[in-house]
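Chemist: can you look at this prediction? I've put the sequence above it.
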Amino acid sequence: MRVLVDNCVPRQIAVLIAGHIVRTTAELGWERLGDGALLDAAAAICDVFLTLDKSIRFQQRLDHRTFGIVLMRARSSRIEHLTPHVPELLRLLPNVKPGQLDLIGA
């Protein structure tokens, strides 16, 4: 599975997503793209877009996307608050469908 990690997610999470091809928006130089442009660009390189942006489902049309979106929810965006949700993420990744938004975490 090709996973793109949003700029709002700590980059350290990439090493925890074992068994998948993981890239970050920062490594691609996409950290300044707006949400719509970012999602358009993501279509060419990912199967799953991982974000913490709770408003994405209200601000962007997701149902026509060629990749799935996983929204992680945690106490904060600090890596120590996200790490406990990685096993759930790893179980979910093979089942993510294009245009679908899945929620994990608190």
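Modeler: That came through, no problem. Since this is a predicted model, take the numbers as computed values, not measurements.
Chemist: could you use CA atoms for every contact and neighbour count after this?
Modeler: Will do.
Chemist: does the closest residue in space to Arg75 that isn't next to it in sequence lie in a helix or a strand, and which?
Modeler: What sits nearest to Arg75 in space, not counting adjacent residues and going by C-alpha to C-alpha, 6 or more residues apart in numbering, is His81, at 6.2 Å. Using DSSP states H and E, the element containing His81 is helix 79-82.
Chemist: what's the average pLDDT for that helix?
Modeler: The average pLDDT for helix 79-82 rounds to 96.
Chemist: chain center to that helix, what's the gap?
Modeler: Going by C-alpha atoms, centre = their mean, to the nearest Å, the spacing between the C-alpha centre of helix 79-82 and its chain's C-alpha centre is 15 Å.
Chemist: buried sites along the next helix or strand after that helix?
Modeler: Using DSSP H and E, the helix or strand that follows helix 79-82 towards the C-terminus is helix 86-92. For helix 86-92, the buried set under the neighbour-count rule, 16 or more other C-alpha atoms under 10 Å, comprises 86, 89.
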